[in-house]
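> next one to model:
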Amino acid sequence: MPSVKSKLLSFIILFIFIYIILLSLIFFINPLWKLMEKISFYIDGILNSTGIALADGELDPAWFWVVFGIPLLAAFIITYCIKKFVNFHS
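Numbering: from 1, shown residues only. As a prediction, the model looks like this:
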């Protein structure tokens, strides 16, 4: 039976691997990049209307969080589902 430390390490390695794959897909597949830009512009509109941050076109406060945050959340969800699936079948 694997130890808790080895399970955690395998979970972290799987998470990092999935996150890198998702980032590479976003940066190298043009339709995904355009989707991230649209989401970024939408979030910019929300930030401008609430006054939290002002996006003037040059400095885009939402770009960083959209491009790196959405794959981070997706990688966490995918890794969690894989972990549950593996635990369910073992």
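
> residues near F88, how many?
For F88, the count of nearby residues is 7 (other CB atoms under 10 Å). Every residue, glycine included, has its C-beta placed from N, CA and C.

> and what of V67?
Neighbour count for V67, taken as other CB under 10 Å: 19.

> give the contact list for it.
Contact partners of V67, counting by CB atoms under 8 Å, 6 or more residues apart in numbering, are I26, M36, S40.

> next one: phi and psi at it?
Here is the backbone geometry of V67 (degrees, to the nearest 10): phi -70, psi -40.

> now do the helices in the chain.
Per DSSP state H, the chain carries helices over the ranges 4-28, 30-50, 63-89.

> report the inter-axis angle for the shortest one versus helix 63-89.
Between the direction of helix 30-50 and that of helix 63-89, the angle (axes from the mean of the first three to the mean of the last three CA atoms, to 10 degrees) works out to 120 degrees.

> now for helix 30-50, which elements pack on it?
Under the contact criterion of 3 or more CB pairs under 8 Å, 6 or more residues apart in numbering; DSSP states H and E, helix 30-50 touches helix 4-28, helix 63-89.

> I'd like the ones you listed written out as TSV, with mean pLDDT and distance to G51 added.
What follows is the helices and strands packed on helix 30-50, written out as TSV (pLDDT from 0 to 100; distance: least, CB to CB, whole Å):
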stretch	mean pLDDT	distance to G51
helix 4-28	90	29
helix 63-89	85	17
